[in-house]
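J.: Using only what follows, build the 3D model:
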Amino acid sequence: MRYFAGREFVSLSGRRPTLAWQFAFAGTIVLLLGMILIGLWVTSKIESAAVRNMASGTALYVSGIVSPLTQELATSSSLSDDARGKILDTLNQGPLRGELFSFKIWGKDNRVVFSSEPGLIGKTFEGSLGLSTAFNGTVHAAFDDLEGEEHEEEKRSGQVLLEIHSPIRDAVSGRVIAVAEFYERSADLMSELDNVRYESWLVVAGVTAGMLVLLFGIVAKGSHLIEAQKRSLHVQVTELSRMLEVNRDLRQRVDQATQRTAALNERYLRRISAELHDGPAQLLGFAALRLEAIRTGRARDDDEAMVQHSIDEAVREIRGICRGLNLPELEGLSGEDVVRRLITTHEKHSGRSIQLDIAPLEVSSQAMKICIYRFLQEALSNATRHAQSADIAVSASETNGEIVIGVRDNGIGFVRRDDEDGLGLAGLEERAAGLGGRLTIVSAIGSGTSITMTLPRVTSS
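T.: Numbers count the residues shown, from 1 in each chain. Reported below is the predicted structural model:
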């Protein structure tokens, strides 16, 4: 990933610039175009204002000094020699003496009635925009391109000249009777305009740069926040995807455990039915036969004793089956109390002593208490009845947020087959899986057996 000035140059995807740099690229182009347009507009307005101010001064001069000397043009198409002399004296001695390069007065037929260049007097030329504007009563000023025969002298000078056309009005009627055309030397004006243009461009460029930096800082801050949020969301999405996969696996395991539990329950019911049928039902059936023989007078001497024995044996077997199915009251007991109650009950019925290594267990879930009780019940029953072990040990502890219950014996051991259809161990595995736990069995022929159940400490009731 590339970096620039301490900030990421590209976005999290690594394929495109961040929002801040996209703004920098686009904003620079837009602001530069805006700066150029504003700069051109500002400088043109400044130039126009400067020219207009100079033209206004010239127009005021014409109105105040030249116009009274040319009033005879209201009734004549030419000026008298006396009037021309006075105009020349005024131009040579007046305040514009050093500023004017040339001066003309135009009649309405575009004929030169007076000029500082005597050779042009009396000639007619093609009208210009400035001339027609002035005849319409408006002062016109511009830096002329000096096209036309009447501008030969000005063109040869090679100077920067400002052309001003100012209307000359009749003092009585106010109508335009002629137009005065001035050519002012404008080197100083152009120099001043160049300085103003330069300063204007500096101001516009500085303001534009400041706007760009300020806006880039705001957008960069927002872009940095967005990129940080993208990274955070990316991490969260990754974690959520992982958790979703784990939950999907857990849900699949729970579904499988539920299906296996249903099958195990069905097999439990079949086993209980078989035990009732093969045991108590057979004994009670035999007792019923002997009672029928007694009722019909075909009794034998020992029938009464046999009936009593059969009924007692049936009751004993039924109680044995019920004892395996019944679950003691576990509500209010701690995890440690559940373990100790089961150990006490097993020692009482089996006559075997169990080695204990029990730590305090924080168990609040009723489902977990039942799971622990049934696990110990099944594991100790197997160790006592089948393992032929001399020593049986039970351990219970809480490690890394998990509850670990273990039963170990030094008996004959066994090898569990994958196709084994037993109920006890399979049922324990399903109980543990239903609570998010697992069952571990380590056994070998002649090396004893170790069965460990691990459950998460926090689980739903």
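J.: Go through stretch 223-237 and flag the buried ones.
T.: In terms of neighbour count (16 or more other C-beta atoms under 10 Å), stretch 223-237 has its buried residues at 223, 226-227. From N, CA and C alone the C-beta is placed, and that goes for glycine too.
J.: scratch that, stretch 109-119 is what I was asking about
T.: Under the neighbour-count criterion of 16+ other C-beta under 10 Å, stretch 109-119 has 110-116 buried.
J.: and that stretch, what's its mean pLDDT?
T.: Averaging pLDDT along stretch 109-119 gives 83.
J.: How about stretch 355-364?
T.: The average pLDDT for stretch 355-364 rounds to 87.
J.: next one: stretch 407-420
T.: Averaging pLDDT along stretch 407-420 gives 78.
J.: how about it: buried residues?
T.: Buried residues in stretch 407-420, counted by 16+ other C-beta under 10 Å: 407-413.
J.: Who are the contact partners of D303?
T.: By C-beta atoms under 8 Å, 6 or more residues apart in numbering, the contact list for D303 reads 290, 293-294.
J.: before we move on, what about A288?
T.: Residues counted as contacts of A288 (C-beta under 8 Å, 6+ apart): none.
J.: Dump the helix or strand containing it to CSV, restricted to CA.
T.: For A288, the host element (DSSP states H and E) is helix 280-295. Only the C-alpha atoms of helix 280-295 are listed here, as CSV (Å, rounded to 0.1, in the frame of the first residue of the first chain):
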residue,chain,number,x,y,z
PRO,A,280,-41.0,-58.1,35.7
ALA,A,281,-43.6,-59.1,33.0
GLN,A,282,-42.4,-62.7,32.9
LEU,A,283,-42.3,-63.0,36.7
LEU,A,284,-45.8,-61.5,37.0
GLY,A,285,-47.1,-63.8,34.2
PHE,A,286,-45.7,-66.8,36.1
ALA,A,287,-47.4,-65.6,39.3
ALA,A,288,-50.7,-65.1,37.4
LEU,A,289,-50.5,-68.7,36.2
ARG,A,290,-49.9,-70.1,39.7
LEU,A,291,-52.7,-68.0,41.1
GLU,A,292,-55.0,-69.3,38.4
ALA,A,293,-54.0,-72.9,39.4
ILE,A,294,-54.8,-72.1,43.0
ARG,A,295,-58.2,-70.7,42.0
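J.: Tell me which stretches of this structure form strands.
T.: 3-4, 7-8, 100-106, 112-115, 140-142, 161-169, 176-185, 355-358, 392-399, 402-409, 438-443, 449-456 (DSSP state E).
J.: Tell me which of the ones you listed approaches L73 most closely.
T.: Shortest distance between L73 and the strands of the chain, using C-beta to C-beta, is found for strand 176-185: 4.7 Å.
J.: What pairs with that closest one, parallel or antiparallel?
T.: When pairing is defined by DSSP bridges, strand 176-185 lines up against strand 100-106 (antiparallel), strand 161-169 (antiparallel).
J.: one step back: taking the buried residues of stretch 223-237 one by one, which sit in helices?
T.: Among the buried residues of stretch 223-237, the members falling in helices are 223, 226-227 (criterion: DSSP state H).
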